[in-house]
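**Student:** Sequence first, then the predicted structure, then my questions.
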Number of protein chains: 2
Amino acid sequence: MPTLADVGKAAGVSRGTVSNVFNRPELVRPELRQRVEAAARALGFGGPDPKGRLLRDGKFNAIGFMPPGAYAIAEVMRSPYGRELVLGVSLACDEAGTTLSLVNGTDNTRFASIREALVDGFILGHSGDIGLITSAQRRRLPFVILESDAGPDINSIKIDGRRGAVAAVRHLTGLGHRHFAILSIRRTPGPPIVHMPGQAKRPLLAGFSLDDERLDGFKQGLAEANLSIDDVPIIETTPGDPSAGAVVFDSVPEATAILTMSDWQAITILDEAVCRGIEVPGHVSVIGFDGTAESARTTPPLTTVAQDVIGKGRLAARMVLDNQPPRQVVLPVELVVRASTAAPRAKIR
Amino acid sequence: MPTLADVGKAAGVSRGTVSNVFNRPELVRPELRQRVEAAARALGFGGPDPKGRLLRDGKFNAIGFMPPGAYAIAEVMRSPYGRELVLGVSLACDEAGTTLSLVNGTDNTRFASIREALVDGFILGHSGDIGLITSAQRRRLPFVILESDAGPDINSIKIDGRRGAVAAVRHLTGLGHRHFAILSIRRTPGPPIVHMPGQAKRPLLAGFSLDDERLDGFKQGLAEANLSIDDVPIIETTPGDPSAGAVVFDSVPEATAILTMSDWQAITILDEAVCRGIEVPGHVSVIGFDGTAESARTTPPLTTVAQDVIGKGRLAARMVLDNQPPRQVVLPVELVVRASTAAPRAKIR
DNA sequence: CAAAATTCTTGGAGCGCTCCAAAAAATGGT
DNA sequence: ACCATTTTTTGGAGCGCTCCAAGAATTTTG
């Protein structure tokens, strides 16, 4: 690869002049400029290498997005929530003329990824791993963490998951439902885990504040209707796991209402329901979470606990870009009632 | 920001030793290592700055994705096609442990973006602008261009758009349709442009080979049924423009079949049809393009010219990552018949 | 036509790091 | 105690660039 100096030598000028030809052409005499340009072309020099400049002035002009938990970028792109989040971030990046780096990192390389990412700041998806946060702090770059409790010195944005979960349950108990199943999020790869009532070690408080809050909200909502979450089966599934629906219907056939933690999970249920000829909301009500665009397009359209995912992504990017003193933002949620929920039938299928 | 040298001074060791502490800790005596680590902590040094390393060994470990045409990243993320494409790319990036940079660039900054992007190679969305390609070549990094004719020295991947378009028309004419409307892609911002038959300057051969090929395929398909594309209204709309449907129904009320260039456009039509009480496929048949996941979830599910978008993205990333001699890949398409197309009713609404 | 003003070009310094050959320190063997 | 090994640490070189003060060339002015 030729460098500025090589071109300079070929054209009989100095490094600095060649740099000027490319960066401030108005500073160099037209005739000389042409000579330099010709030399550059002859050598196949395509302009100053950004690496050099980078070291000199130190801005990457990029922000990084690190997927939540231990997910890969592709898993984010697959999930309706993840896509809208990235869309929101990209909106802010577009405005700011910044590159958006989707930073990869498997479980064991996440720390290295944070240390090495070529970015001016980053957005961390939620994580139960406190180590990631200290790792991010060490880098001394502005960053924001999503859906995690991270204390007052750290930028964070989360939704009011508890309130959303309560609202979901109230809606359903108000409709007359008494038999629930909860679809919770499995945070490790693997098949669905079914926690039936009475079993030891139910997955409350697993360390992910996102999940814990919602579960806690479900608990509260159920309690308000004199129901105990301890009597409700909880199924942990990996987001997008297509077998989720089958497992739910097989292990909790008596449920008339299914609470989920994401639209994606709810959609999975809807798909399986179609396969089995189970009617939604006739036989069973399903409620999503997030209020993604997809939730409005399903058949039937999903009742869901909506949040402004795009706005959240955009805000996250802005916080990183603006680099103000740390804030902890809690975004509101709103129950959007559509057609996937209705009163239970007197007799169950 | 403290540097290796600062930490070294504080700990009474050399730059090189500090570097070793962070990169090859096994090389340095435990006791010394601890001293250095303590000094680093005291100074708030969070590890070697990646900028320095970068200049030294020159790999960004990232590939760039530059949106097609003059679109912003957010526009890519919004479109079903764009999302799947990025998903495919991210899949390959995950496997390779590479960062995916979504490179921003408005019309006037695209060249600069290519020149400056901190990537080891890139994927260019289709473009009518040959300048972009030379600009990319100058950078002398592996790159691939999507859906464009770029000659034999350049990596490119495209689908067989002509064949797909022909198949779409055949399907419809086979069903008995004789009255068409074509939804083509407007490549500049702005409202839909309606080209009625007989008007001058119809938008065939607009310079985007993607569009041109499909239009040409439509033409051929129509010709096979003794129909002329010159008699078919063509409406150019910006992808995702919600007014597209209204414009089509208003300006071509006699059409019994609507050909589009993307699922997204077709979905727009479906939405508008619902608003107007127009039945699909009862009153009008609609055919999509791309075969994205969304196309299977609409009501009714879309008949569409399907391609393997995810596979395309993945292949593109692989080509960049592998840096082999240039190839020109043409991917097959397949007409997926679903429920948005049917024989026209005898009498039009 | 020399001096002053202006325009253009130069090359040193330095960005922070890693590599590596060589020096220094520690260890081991006799 | 001494020399040969082995283990640790050192610091120069260099990655490619931009900035900038200073020097060179050119143009303007009196």
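**Tutor:** Received, thanks.
**Student:** Just confirm A:N20 is within a helix.
**Tutor:** Yes: using DSSP: H, G, I helix; E, B strand; the rest coil, the assignment for A:N20 is a helix.
**Student:** okay, now it: neighbour count?
**Tutor:** By other C-beta atoms under 10 Å in any protein chain shown, the residues close to A:N20 number 18. In this view, the C-beta of every residue, glycine as well, is placed from N, C-alpha and C.
**Student:** same deal with A:R53?
**Tutor:** Close neighbours of A:R53, defined as other C-beta under 10 Å, add up to 14.
**Student:** by contact count, what packs against the strand or helix carrying it?
**Tutor:** Element membership of A:R53, judged by DSSP states H and E, is helix A:50-57. Helices and strands touching helix A:50-57, by 3 or more C-beta pairs under 8 Å, 6 or more residues apart in numbering or on different chains; DSSP states H and E, are helix B:50-57, helix B:110-116.
**Student:** Which one of those lies nearest to DNA strand D?
**Tutor:** Nearest to DNA strand D, of all the helices and strands packed on helix A:50-57, is helix B:50-57, at 3.9 Å by C-beta to the nearest atom of the strand.
**Student:** Distance of A:D230 relative to DNA strand D?
**Tutor:** Applying C-beta to the nearest atom of the strand, to the nearest Å, the value for A:D230 to DNA strand D is 56 Å.
**Student:** ah, wrong one, I meant A:S135
**Tutor:** In this view, A:S135 and DNA strand D are 24 Å apart by C-beta to the nearest atom of the strand.
**Student:** what residues are up against A:T237?
**Tutor:** Residues near A:T237 by C-beta atoms under 8 Å, 6 or more residues apart in numbering or on different chains: A:L183, A:S184, A:I185, A:R186, A:P192, A:I193, A:S243, A:A244, A:V247, A:Q265, A:T268.
**Student:** burial of the fifth one, as a residue count?
**Tutor:** It refers to A:P192. Neighbours of A:P192 under the rule other C-beta under 10 Å: 19.
**Student:** need the contact list for it.
**Tutor:** A:R186, A:I235, A:E236, A:T237, A:T238, A:D241, A:S243, A:A244, A:V247.
**Student:** List buried residues within these.
**Tutor:** Among the contacts of A:P192, those buried by neighbour count (16 or more other C-beta atoms under 10 Å in any protein chain shown) are A:R186, A:I235, A:E236, A:T237, A:T238, A:D241, A:A244, A:V247.
**Student:** Rebuild these as a markdown table, extending it with pLDDT.
**Tutor:** Converted to a markdown table, the buried ones among the contacts of A:P192 look like this (pLDDT from 0 to 100):
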| residue | pLDDT |
| --- | --- |
| A:R186 | 90 |
| A:I235 | 95 |
| A:E236 | 94 |
| A:T237 | 94 |
| A:T238 | 92 |
| A:D241 | 94 |
| A:A244 | 96 |
| A:V247 | 97 |
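**Student:** Can you identify the element that follows the helix or strand encompassing A:M319 toward the C-terminus?
**Tutor:** Element membership of A:M319, judged by DSSP H and E, is helix A:309-322. For helix A:309-322, the following helix or strand on the C-terminal side (DSSP H and E) is strand A:328-331.
**Student:** Only the buried residues of that next one, if you could.
**Tutor:** Applying 16+ other C-beta under 10 Å to strand A:328-331 flags A:Q328, A:L331 as buried.
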